[in-house]
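1. model the following, please.
(one chain, ligands or ions: 2)
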Amino acid sequence: MRRVVFNQKGGVGKSSIACNLAAISAAQGYRTLLIDLDAQANSSHYLSGKLGDDIPLGIAEFFVQVLEGGASARKARPPISPTPFANLDLITASPALADLQPKLEPSTRSTSCANCSRRWPRTTSGSTWIPRQR
Ligand SMILES: Nc1ncnc2c1ncn2[C@@H]1O[C@H](COP(=O)(O)OP(=O)(O)OP(=O)(O)O)[C@@H](O)[C@H]1O
Ligand SMILES: [Mg+2]
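-> Ligands and ions are numbered 1, 2, ... in the order given. Predicted coordinates:
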């Protein structure tokens, strides 16, 4: 099952839908892994029942290992936590992700414009997309 849930508006149910889709998948007998990449860690809370510091560092721990590099980075694996639900596992997010985000973003990047074939550089100051100068 492949589903993408996105909406820029906050609090409209994105995390709830993702958790419910994961739960439906697990209930149908599929081994299911939900990966929470949101520093708010709401999906981690919804599926584990844990809050704040009780939520494992999860994916943030993995990113730290990768960013620090070294021999252990190649062997780094995101820690998978079980949930109370059969077939459903979780890689948790945590507030630590917010500090890691700037380190994980490349200093320059570009993406394809959704409605055309030209490529557009992204400004470093925010989410505004400006055409590349010729
Ligand atoms: N169908 C629904 N009916 C009523 N309340 C809902 C429904 N879906 C989600 N909620 C509630 O709305 C709140 C926000 O839901 P959720 O965390 O899924 O939103 P979100 O879009 O992921 O938010 P954010 O943008 O902050 O990540 C939660 O308290 C959740 O329990
Ligand atoms: Mg959310």
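
2. which helix or strand contains L67?
-> L67 belongs to helix 59-68 when assigned by DSSP states H and E.

3. which other helices and strands contact that helix?
-> Here helix 59-68 touches helix 71-75, helix 96-104, going by 3 or more CB pairs under 8 Å, 6 or more residues apart in numbering; DSSP states H and E. All C-beta spots, glycine's among them, are computed from the backbone N, C-alpha and C.

4. how about the residues of the chain near ligand 2?
-> Within the chain, the positions near ligand 2 by CB under 5 Å from the ion are 14-15, 42.

5. kindly recompute the last result at 6 Å.
-> 14-15, 38, 40, 42 (CB under 6 Å from the ion).

6. thinking again about what came up before, and the helix holding L67, average pLDDT?
-> The average pLDDT within helix 59-68 is 92.

7. chain center to it, what's the gap?
-> From the chain centre to the centre of helix 59-68 is a distance of 13 Å (CA atoms, centre = their mean, to the nearest Å).

8. would you say Y46 is within a helix?
-> Yes. Under DSSP: H, G, I helix; E, B strand; the rest coil, Y46 falls within a helix.

9. so what's it up against?
-> 15-16, 19 (CB atoms under 8 Å, 6 or more residues apart in numbering).

10. next step: the residues you listed restricted to strands.
-> Members of these lying in strands (criterion: DSSP state E): none.

11. redo the residues you listed as a markdown table? Include pLDDT.
-> Below are those laid out as a markdown table (pLDDT from 0 to 100):
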| residue | pLDDT |
| --- | --- |
| S15 | 96 |
| S16 | 97 |
| C19 | 96 |
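
12. would you mind giving me the ChimeraX syntax to select the buried ones in the residues you listed?
-> Buried members of the contacts of Y46, defined by 16 or more other CB atoms under 10 Å, are picked up in ChimeraX with:
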select :15,19
